[in-house]
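In: A structural model of the following input is requested.
(2 chains)
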Number of protein chains: 2
Amino acid sequence: MAEPWTDGTVRPAAAADIESWSCPTPAHPEQRVVMGHGGGGRLSAELVEQLFLPAFGSAASTATPTDAAVLGLPGGGRVAFTTDTYVVRPLFFPGGDIGELAVFGTVNDLAMSGATPLALSTAFVLEEGLELEVLTAVATSMGKAAMRAGVGLVTGDTKVVERGHGDGLYVNTAGIGVVPDGVDIRPGRATPGDVVLVSGPIGMHGIAVLSLREGLEFGTELQSDTAPLNALVAAMLAVDRDVHVLRDLTRGGLATSLCELADTACIGVEFEEASVPVPEAVRAGCGFLGLDPLHVANEGKLVTFVHPERADEVLEAMRSTPEGAGSEVIGRVVEDHPGVVVARTRFGSTRVVDRPLGEQLPRIC
Amino acid sequence: MAEPWTDGTVRPAAAADIESWSCPTPAHPEQRVVMGHGGGGRLSAELVEQLFLPAFGSAASTATPTDAAVLGLPGGGRVAFTTDTYVVRPLFFPGGDIGELAVFGTVNDLAMSGATPLALSTAFVLEEGLELEVLTAVATSMGKAAMRAGVGLVTGDTKVVERGHGDGLYVNTAGIGVVPDGVDIRPGRATPGDVVLVSGPIGMHGIAVLSLREGLEFGTELQSDTAPLNALVAAMLAVDRDVHVLRDLTRGGLATSLCELADTACIGVEFEEASVPVPEAVRAGCGFLGLDPLHVANEGKLVTFVHPERADEVLEAMRSTPEGAGSEVIGRVVEDHPGVVVARTRFGSTRVVDRPLGEQLPRIC
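Out: Sure, this is the predicted structure:
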């Protein structure tokens, strides 16, 4: 997902306060970029808050902590705008590839503002020596994915870097969409009492990619869940135009999404661990690798906060779509412990859920 | 600039016809990506026409051969949308840096459709180990450039790749802008009789970057011409809302821009070599390196085709802005030799101007 940026206030262009940053593992006494800065966790958030926003200064004053920026047009109407670069390795993995991921990922960031995706751009950094067959396969996959999501690929760019300076290919997709009148989906709308739902089983993308990369097998073959979520969101808005919050569960997983939302909206979240659907293969993979399924990346799942009176209808609408067939109610927004996410375990106790520091699974999207 | 893609017809998703491609230097019998595929010349155009468009299929049916796609919104109004990735080496060069280039380059692609730039996205691929000071300097430069161009940095993304897999940093900027009513700027509007103007001296960006990279000096220090062109375009539209064609002169230089326009619009172009402003340091550098100034990249210049009756007014408006102070009339659109660009030399003879095959100056933007 595109990164949350700011609370909307104007910030002065100050020097980055590098001294105050968290220490990742390993330590970075030299003040250099570490893998965790790209992991979608706390280090990523620090990079945005402590380096990019101060450096961009008032040019970033209208950035918002959402998957996509929503911009009012001079002539009326609103457009959503987002960007993501994909550096996943390997380029092809069970259930998908970098091209499909790049299209669906950006479509989903647009959908998380309630927007109807309109068009994507595609920008490639190719490494000298890449087989044209590989590029053809990725581009073909992008075309098919765009057709499935009902979005045009309307403009693009290609750069080539010398052998050894790239990594096969990186692809960036940016996207624009149209936000329907009356739709207002953003973290700030989270309200105590809201019901929290997830759209299906979690952790599939991360474990599918990792298992291929590390040559691991977990009994059943796991496929990435990469999918476009715009039809799911449209079905939700058809029964409840007043959906409060949407967030897709990408890097950092469900835990990171909930923590960011709780932090931004200054509300608490409580959920039942037993209600969160986790496939057996994901559970096995996480057990083997020492990972928490709540921290593992997804590419076709979302979490939503809706008014309690509309939760049943929204759940039914979600389950009526292929992408939301496995939807479940998992918890509630609460007034207590603002900024903190609490899970009720299977044993009746509670634990505080935190986001990972950095890169639990590098190069996952 | 974003790459021209298609003539607007719907194309079937066919396999790429790799066999029919031009042979670059060196030959690529293995059908792999070569540096020239990113050079903005004929190989780049082939990659788009013969690989990306067939692979994308009907998903790319609305792509157009312009710097930015112009999209009608369901509620009325039009937005321009464009993308560019920047891989320039070194990151800092005389007169600019990769951050400023990324902001102005995308602002300029929007301006070439007559759009008022509204917002940019910023997406980074960082190499593990990059000094945070370098990233801060680049981001600070982006913020300043965005303020100068009057555009917000509203959404972003950061990925990190392992040491040795990147090249310090690559940055993608996509942009959206609003196209004013009544403005219709595109290659197809080129009309025989139109006057051809350039907005100032050419070749400065390419030679400035190359001279630093290769440790060359040409008597005077040459600065890149990187600049935002939206104020220049606004000044032109204020005196002639009916400007026919705009194109910024980036990779491949003036020659490539004119050849692409002649090809797309099926018109001829004739210009006087002596009328094209070329700084002495560019001429010296090109002589030393065996380059043609017409092929060298610019990052703050445009070429325009306007109705002959409006040419004087437009020229005056261009010269009234800092970015267009060096504007000159250089030639005409003609009915003869459609698709062909002809230069009249200082000796009275004529020569056909072609675009470079591939990468005359690699990693220039």
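In: What residues does A:Gly72 make contact with?
Out: Shown in contact with A:Gly72 (C-beta atoms under 8 Å, 6 or more residues apart in numbering or on different chains): A:Arg78. (Each C-beta comes from the backbone N, C-alpha and C, glycine too.)
In: Chain A - how does it break down into domains?
Out: Here the domain parsing of chain A from automatic domain parsing is A:1-63, A:66-182, A:187-353.
In: Can you tell me which of the ones you listed is packed in deepest?
Out: Highest mean neighbour count of the domains of chain A: domain A:66-182, a mean of 24 (counted as mean count of other C-beta atoms under 10 Å in any protein chain shown).
In: Backbone dihedrals for the spatially closest residue to A:Asp97 that is not a sequence neighbour, both of them.
Out: Closest residue in space to A:Asp97, ignoring its immediate chain neighbours: A:Ser141 at 5.2 Å, by C-beta to C-beta, 6 or more residues apart in numbering or on different chains. Torsion angles at A:Ser141 (phi, psi; degrees, to the nearest 10) stand at phi -60, psi -40.
In: thinking A:Ser141 is in contact with A:Glu100, fair?
Out: Yes - in this structure A:Ser141 lies within contact range of A:Glu100 using C-beta atoms under 8 Å: 4.9 Å.
In: got the contact list for the residue nearest to A:Asp97?
Out: A:97, A:99-100.
In: Same question for A:Ala325.
Out: Contacts of A:Ala325 by C-beta under 8 Å, 6+ apart are A:200, A:319.
In: Give me the residues contacting stretch A:238-246.
Out: With C-beta under 8 Å, 6+ apart, stretch A:238-246 has contacts from A:67, A:111-114, A:180, A:182-187, A:189-191, A:194, A:233, A:236-237, A:261, A:265, A:302-307, A:310, A:313-314, A:316-317.
In: again, 7 Å this time
Out: A:112, A:182-183, A:185, A:187, A:189-191, A:194, A:233, A:236-237, A:261, A:302, A:304-307, A:310, A:313-314, A:317 (C-beta atoms under 7 Å, 6 or more residues apart in numbering or on different chains).
In: In the stretch 201-350 of chain A, which residue sits closest to chain B?
Out: Using C-beta to the nearest C-beta, A:Arg251 is the residue of the stretch 201-350 of chain A that sits closest to chain B, at 9.3 Å.
In: does that residue really touch A:Cys365, like I thought?
Out: Yes - using C-beta atoms under 7 Å, A:Arg251 is in contact with A:Cys365, at 6.1 Å.
In: Could you measure from the spatially closest residue to A:Gly76 that is not a sequence neighbour over to B:Gly215?
Out: Once flanking residues are discounted, A:Gly76 sits nearest to B:Gly75: 6.9 Å by C-beta to C-beta, 6+ apart. For B:Gly75, the distance to B:Gly215 (C-beta to C-beta, to the nearest Å) stands at 55 Å.
In: same deal with A:Val70?
Out: The value you get for A:Val70 to B:Gly215, if C-beta to C-beta is used, is 48 Å.
In: Output the below-cut-off pLDDT ranges for chain A.
Out: By pLDDT under 70, the low-scoring segments of chain A are A:1-30, A:218-220, A:359-360.
In: Show me the helices in it, by range?
Out: In chain A, the helices defined using DSSP state H lie at A:42-46, A:53-56, A:98-111, A:132-149, A:204-214, A:230-239, A:253-265, A:280-289, A:311-319.
In: With distance to B:Ala63 added, can I get the domains of chain A in CSV?
Out: Below are the domains of chain A laid out as CSV (distance: least, C-beta to C-beta, whole Å):
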stretch, distance to B:Ala63
domain A:1-63, 23
domain A:66-182, 5
domain A:187-353, 20
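In: what residues are up against the closest residue to A:Gly166 other than its chain neighbours?
Out: Spatial nearest neighbour of A:Gly166, excluding adjacent residues (C-beta to C-beta, 6+ apart): A:Glu127 at 3.3 Å. Contact analysis of A:Glu127 by C-beta under 7 Å, 6+ apart lists A:161, A:163, A:165-169, B:33.
In: Now, those that are in strands?
Out: The strands, defined by DSSP state E, take in A:161, A:169 from the contacts of A:Glu127.
In: Out of the contacts of A:Glu127, which is nearest to B:Pro277?
Out: Nearest to B:Pro277 among the contacts of A:Glu127: A:Val161, at 32.1 Å, using C-beta to C-beta.
In: any idea how far B:Arg89 is from that closest one?
Out: 9 Å.
In: Same question for A:Cys365.
Out: 27 Å.
In: Please apply the same query to A:Val154.
Out: Where B:Arg89 is concerned, A:Val154 sits at a distance of 29 Å (C-beta to C-beta).
In: try A:Val352
Out: A:Val352 is 46 Å from B:Arg89, by C-beta to C-beta.
In: what's the answer for A:Val245, then?
Out: Distance, A:Val245 to B:Arg89, by C-beta to C-beta: 43 Å.
In: now swap in A:Leu246 and tell me
Out: A:Leu246 is 40 Å from B:Arg89, by C-beta to C-beta.
In: got a list of what the residue nearest to A:Leu120 when sequence neighbours are not counted touches?
Out: Spatially, and ignoring its direct neighbours in sequence, A:Leu120 is nearest to A:Gly175 (4.7 Å; C-beta to C-beta, 6+ apart). Applying C-beta under 7 Å, 6+ apart, we find A:Gly175 in contact with A:82, A:106-107, A:109-110, A:117, A:119-120.
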